[in-house]
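K.L.:
What would the 3D arrangement of this be:
(chains A and B)
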Amino acid sequence: MERGNKIMAPPAAGAAQTGKLRRFFNVFGPFLGLALVVVLFHCLEPDTFLSFYNLKTVATQTVIVALGAMGMTLIIISGGIDLSVGSVIALSTVAAALGLDAGWNPLYCFALGVFAGGACGLLNGLIITRLKIVPFIATLGMFSVVRGVAMYLADEQKVDAPRSWIDSLMDINPEPSWLVLPPGVWLMIFAALLVAGMLRYTAFGRYVFGIGSNEATARLCGIKVERVKLGIYALAGIFTGLAGTMQYSRLTVGDPTVAMGLELDIIAAVVIGGGSLSGGAGSVLGSMIGAFIMAFLKNGCDLVGVPNYVQKIIIGVIVVAAVAVDQLRHRK
Amino acid sequence: MAEMKPLLEMQGISKSFGSTHALTDVAFDVRAGEVHALVGENGAGKSTLMKVLSGALKPDRGTIRLKGNAYRPTSPIEGRRAGVAMIYQELTLAPELTVEANVMLGIEEKRFGLLGLKSMAARVRRVFERLNHPEIDPHTLVADLGVGARQLVEVARALITDAAVVVMDEPTSSLSARDTEKLFEVIASLKERGVSVIYISHFLEEVRRVADRFTVLRDGHTVGTGDVAHTPSDEIIRLMVGRQLDEMFPKVDHERGEPILEVEALSGDPLPESVGFTLHEGEILGVAGLVGAGRTETVRTLFGLDRLRAGRVAVAGRADRGATPWERIRQGFGLLSEDRKDEGLAQNLSLADNIALPHLAPYARHGLLSPGRMKAGCRTWMDTLEIKARGADQQVVDLSGGNQQKVALARLLHQDAAILLLDEPTRGIDVGSKVTIYRQIGALAKARKAIVYVSSYLPELLGICDRIGVMHRGRLVEIRDAAEWTEQSLMACCVGENQ
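P.N.:
Residues are numbered from 1 along each chain as shown, chains lettered A, B, ... in the order given. Modelled structure (predicted):
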């Protein structure tokens, strides 16, 4: 009879190769999708789609989702989720409008909009870490509460506010003209670089990945998991607040009913960009590409004259397809 | 080496969980630069003792001294800072981070808030050079490493904080032969550097290879310690198993009938490895082996829960190459999971629901379920198996472990399974419940049911089984009639000291 010596299957041979392939898809999968969308619409609308003006338009339309996606990227990498983003954006537009209406300095009102987002994020974080409620439920609650607070503050109607420089942050042809791109687009680019750098070059960034990848290990290594999570949600709230003030800039009124369901677009952008809802995976570049894929799709469909309902169907299919690809990647 | 004063001394350590005494007055000491093997059967208290050492558990009584000073860690981080590094059985790495990020997790170097990536990578590289594994690149993602390399990352994590004592809990249980050799070399180099290693293992051949001294734990007591070189393996095995038989095994006479299940070269992914046996009607076939030997995987693969990589299963003469759990149940299989909390029972459903779940037909009339009949049916099982509960609609989660296990067994009886695969059916339950379950299993055999009985508790295997097979590292190494085994020979076979 054969003796059961150490005859065990060697650990998956060629693991390094499959790893490299996986990495390749992680980075280039979303790029490929973006290229596909751009080429497709360029063929359909060769004159207008890739014109400089249209590209500026798409970039401007991406700003709000992309800023929201910066925070959502942090949250999703850490293994969490935030469903309250749409409501927070609405609250933030209302806050900025109320400040302006009261005659405050626009700079303070801008800060107020951002602060409103940060405060909501902090509250999300506190509920999750102190009450030990899973992020899905905690932010589902906040989704409703914050929308209600926004409607209360706005007296259930749009809040008109005097004109200020905030209104022009999202102008497609910016003043002064040497800016080339609207200030909102520059803000988006700056935010993306900041978050990407933070994820790569700071201990905080590492803890975000560490917690999402293996929370028990993070705790074992002495990381103050609760504090880091609080930081993640508060920081994400600040980005959502920024997205909210950009939303205000676009509308030039405070609107408590704006951005209904926008959190789903933002989550979709992160997921299309390779973020995994089980945590540990995701990147700023990917999320930006995800946001651009959706913006290009909407813009292209509008140019070609594809009806709105078809756009919705296409975006839904892309989200599911992106996650299906993600699943295939995770299988050996 | 004998005169060396101990680096680590644990004395009078006791720890209870509820009414179970996991550790009673345990003494354990480790000298500087030695490899000390901690051995014992499953559940002897090795892991609990190491949790106390690492700071993950607080002992009820006892003192620990490290490097001559009192040592009372309140968390694994404190233990780590004091110089005790654990390498756990399940690896504790973040797969999505790089090797460097994993090794430096929690102790990153920062300058003006930014990470010192270059200097950290260099430090990690130096550690791997010291371990004679310069080929491990700090920038690789851990997810892309093999199991052996991952273990080295854990060792590196221990070394980077200058640990004085490194605890390795079953480090080779998931390693290939080549990676095991590499690990042994690493242990030798740790020793040269004056680092002490506590090496927990069931495998006596490994203990012989790497350890200087050993300590045996049994049922939460220290039963022996000595030099490995001067102690024959027989003696260590005797210390591991030598307990009094204090339970009764009610014998129910039963007769072996026709073969009903024939298994040929059954292989799973990755375990088991080419397992073959024949099971007869009215037979209880015991399966012994250590944790990780592939016993659970064998029954899961048989039942269709895990993928069948290769092999053939013939039920009552009809062969197949794997089936779904649904098909297996239709063929008359029933599986009792070792994990009754997460898998075996629906904890927040009632007794009646849990028992009726796989086989609702008897309780239905005109396609509608009758709760009254379900409860009545449940009550007969409660009587048969002496289940102590307030009633048929009590939630399972409120029952004691023993009663929960009886509910799980009642479900198989209700399902009227002909081939029962029982995985650790008496683990963690009281003696009274055990005796009830033994008697019921005997009665099942008498009713011509065929039973596969997986257990880590050798006396019960010897007490109730007709034949016993032993699994070792994925293979079913040997099957003999129960009368031809002794506890000693079973244990020897389990740890790979088979003659």
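
K.L.:
where do the strands sit along the stretch 101-250 of chain B?
P.N.:
With strands called from DSSP state E, counting those that start in this stretch, the stretch 101-250 of chain B shows them at B:110-111, B:114-115, B:165-169, B:196-200, B:213-218, B:221-227.

K.L.:
gap between the third one and the chain center?
P.N.:
Centroid separation between strand B:165-169 and its chain, computed with C-alpha atoms, centre = their mean, to the nearest Å, is 18 Å.

K.L.:
the domain parsing of chain B - what is it?
P.N.:
Following automatic domain parsing, one gets these domains for chain B: B:6-241, B:260-494.

K.L.:
how distant is the last one from the center of its chain?
P.N.:
Spelled out, that is domain B:260-494. Its chain's C-alpha centre and that of domain B:260-494 lie 17 Å apart, by C-alpha atoms, centre = their mean.

K.L.:
May I have the distance across it, first residue to last?
P.N.:
One end of domain B:260-494 sits 27 Å from the other (C-alpha to C-alpha, to the nearest Å).

K.L.:
what does stretch B:442-450 give?
P.N.:
OK, stretch B:442-450 end separation, C-alpha to C-alpha: 11 Å.

K.L.:
on that earlier part again, in CSV, list the strands of the stretch 101-250 of chain B along with distance to B:Y453 and mean neighbour count.
P.N.:
Placement of C-beta: from N, CA and C, glycine included. Formatted as CSV, the strands of the stretch 101-250 of chain B follow (distance: least, C-beta to C-beta, whole Å; neighbours: other C-beta atoms under 10 Å in any protein chain shown):
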stretch, distance to B:Y453, mean neighbour count
strand B:110-111, 57, 10
strand B:114-115, 55, 18
strand B:165-169, 28, 24
strand B:196-200, 27, 25
strand B:213-218, 23, 23
strand B:221-227, 27, 17
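
K.L.:
Adding mean pLDDT and distance to chain A, write the ones you listed out as TSV.
P.N.:
Formatted as TSV, the strands of the stretch 101-250 of chain B follow (pLDDT from 0 to 100; distance: least, C-beta to the nearest C-beta, whole Å):
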stretch	mean pLDDT	distance to chain A
strand B:110-111	86	6
strand B:114-115	88	5
strand B:165-169	91	13
strand B:196-200	93	16
strand B:213-218	91	21
strand B:221-227	91	25
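
K.L.:
can you redo those as CSV with distance to A:F115?
P.N.:
Shown next, in CSV, are the strands of the stretch 101-250 of chain B (distance: least, C-beta to C-beta, whole Å):
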stretch, distance to A:F115
strand B:110-111, 28
strand B:114-115, 27
strand B:165-169, 49
strand B:196-200, 53
strand B:213-218, 59
strand B:221-227, 61
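
K.L.:
For the domains of chain B, which has the smallest mean pLDDT value?
P.N.:
Mean pLDDT is lowest for domain B:260-494 out of these, coming in at a mean of 83.

K.L.:
is it anywhere near chain A?
P.N.:
Yes. With C-beta under 8 Å from any C-beta of the partner chain as the criterion, chain A is reached by domain B:260-494 at B:P270, B:E273, B:M471, B:H472, B:R473, B:G474, B:R475, B:V477, B:E478.

K.L.:
Burial check on the fifth one, number of neighbours?
P.N.:
Other residues near B:R473 come to 24 when the count uses other C-beta atoms under 10 Å in any protein chain shown.

K.L.:
measure it to B:V291 for me?
P.N.:
Distance of B:R473 to B:V291, given as C-beta to C-beta, to the nearest Å: 12 Å.

K.L.:
By neighbour count, which of the residues of domain B:260-494 next to chain A wins?
P.N.:
Sorting the residues of domain B:260-494 next to chain A by how many neighbours each has (other C-beta under 10 Å) puts B:M471 first, at 28 neighbours.

K.L.:
the helices in the stretch 51-200 of chain A, which residues?
P.N.:
Counting by DSSP state H, counting those that start in this stretch, the stretch 51-200 of chain A has helices at residues A:52-77, A:85-101, A:106-130, A:135-153, A:183-201.

K.L.:
Of all those, which one comes closest to chain B?
P.N.:
Chain B lies closest to helix A:183-201 among the helices of the stretch 51-200 of chain A, at 5.0 Å (C-beta to the nearest C-beta).

K.L.:
Give me the contact list for that closest one.
P.N.:
A:56, A:59-60, A:62-63, A:66-67, A:70, A:73-74, A:77, A:168-170, A:174, A:179, A:204-205, A:208-209, A:239, A:242, A:246, A:249, A:283-285, A:288, B:114-115, B:117 (C-beta atoms under 8 Å, 6 or more residues apart in numbering or on different chains).

K.L.:
which of those count as buried?
P.N.:
Among the contacts of helix A:183-201, the ones that count as buried by 16 or more other C-beta atoms under 10 Å in any protein chain shown are A:56, A:59-60, A:62-63, A:66-67, A:70, A:73-74, A:77, A:168-170, A:174, A:204-205, A:208-209, A:239, A:242, A:246, A:249, A:283-284, A:288, B:115, B:117.

K.L.:
what helix or strand does the spatially closest residue to B:L399 that is not a sequence neighbour sit in?
P.N.:
In space, and not counting its chain neighbours, B:L399 is closest to B:A389: 5.9 Å by C-beta to C-beta, 6 or more residues apart in numbering or on different chains. If you go by DSSP states H and E, B:A389 is not part of any helix or strand.

K.L.:
Go ahead and confirm B:A389 touches B:L351.
P.N.:
Yes. Because the distance of 5.8 Å satisfies C-beta atoms under 8 Å, B:A389 is recorded as touching B:L351.

K.L.:
neighbour-wise, which of these two wins?
P.N.:
The neighbour count for B:A389 versus B:L351, taken as other C-beta under 10 Å, is higher for B:L351 (31 against 21).

K.L.:
so the more buried one makes contact with B:R390?
P.N.:
No. The criterion here is C-beta under 8 Å, and B:L351 misses it with B:R390 at 9.4 Å.

K.L.:
Can you name the residue of the stretch 201-350 of chain B nearest chain A?
P.N.:
For the stretch 201-350 of chain B, the residue closest to chain A is B:P270, as judged by C-beta to the nearest C-beta, at 4.5 Å.

K.L.:
close enough to count as contact, that residue and B:G474?
P.N.:
Yes. Using C-beta under 8 Å, B:P270 is in contact with B:G474, at 7.4 Å.

K.L.:
right, and the secondary structure at the spatially most central residue of chain B would be what?
P.N.:
Nearest to the geometric centre of chain B sits B:V291, at 3.5 Å (C-alpha atoms, centre = their mean). Secondary structure state of B:V291, per DSSP: H, G, I helix; E, B strand; the rest coil, is coil.

K.L.:
Ramachandran coordinates for it?
P.N.:
Here is the backbone geometry of B:V291 (degrees, to the nearest 10): phi -60, psi 130.
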